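3D, please:
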Amino acid sequence: MENIFKGILNALDFAIVFVNVTHIITFMNKAAIEHYKDQGGENLVGKSIFSCHNENSKMLILEGLKQLQRGLDKVLLFENEEIKEYMLAVRDNSTLLGYFEIVERK
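Presented below is the predicted three-dimensional model:
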């Protein structure tokens, strides 16, 4: 099943970066590897998500994780006139495994 899920995620044309609860990048789909190629691409796997975020973003991510740990499945991190950025929980039953972010364009 793992290969099927990776295949599905790699078929998507938008970036997905999965980060575990200790903020380590553990999976990037093909679109994410391409999107973040100037920051290291697939070499980001195994590194902290905070290595490519500023202090303000770090604060938002840490607060978002707290909300996911409290049971929310989706947290709005950032919004302006062009985008909304969300943090989504990935769970195994009720156990929080990590998170990923999505961006909605307005």
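
Heading C-terminal from the longest helix belonging to the chain, find the next helix or strand.
Criterion DSSP state H: the longest helix present in the chain is helix 55-69. Sequence order places strand 74-79 as the next helix or strand after helix 55-69, per DSSP states H and E.

E34 against G41, yeah?
Yes: at 7.4 Å, E34 counts as touching G41 under the criterion of CB atoms under 8 Å. Heads up, the C-betas are built off the backbone N, CA and C, glycines and all.

can you list the weak-confidence ranges in this protein?
Within the chain, no stretch falls below the threshold (pLDDT under 70).

Please repeat the previous calculation with a cut-off of 90.
Low-confidence segments of the chain (pLDDT under 90): 1-2, 14-15, 51-53, 102-106.

where's the longest helix of the chain relative to the chain centroid, distance-wise?
12 Å (CA atoms, centre = their mean, to the nearest Å).

Which strands or helices does it pack on?
Applying 3 or more CB pairs under 8 Å, 6 or more residues apart in numbering; DSSP states H and E, we find helix 55-69 packed against strand 74-79, strand 83-92, strand 95-105.

Would you reformat those as TSV and include distance to N56?
Output for these, formatted as TSV (distance: least, CB to CB, whole Å):
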stretch	distance to N56
strand 74-79	9
strand 83-92	13
strand 95-105	15
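
ok, and what's touching stretch 71-83?
Residues outside stretch 71-83 that contact it (CB atoms under 8 Å, 6 or more residues apart in numbering): 60-61, 64, 67-68, 84-89, 91, 101, 103-106.

go on, stretch 88-103?
Contacts for stretch 88-103 (CB under 8 Å, 6+ apart): 14, 16-21, 26, 64-65, 68-69, 72-75, 77, 83-87.

Tell me the secondary structure of T22, please.
coil (DSSP: H, G, I helix; E, B strand; the rest coil).

Number of residues surrounding it?
10 (other CB atoms under 10 Å).

Same question for T95.
Neighbours of T95 (other CB under 10 Å): 8.

Okay, and the beta partners of it?
As for beta bridges, T95 partners with D92 under DSSP bridges.

For stretch 44-59, what is the spacing between the initial and final residues?
Length of stretch 44-59, first residue to last, CA to CA, to the nearest Å: 20 Å.
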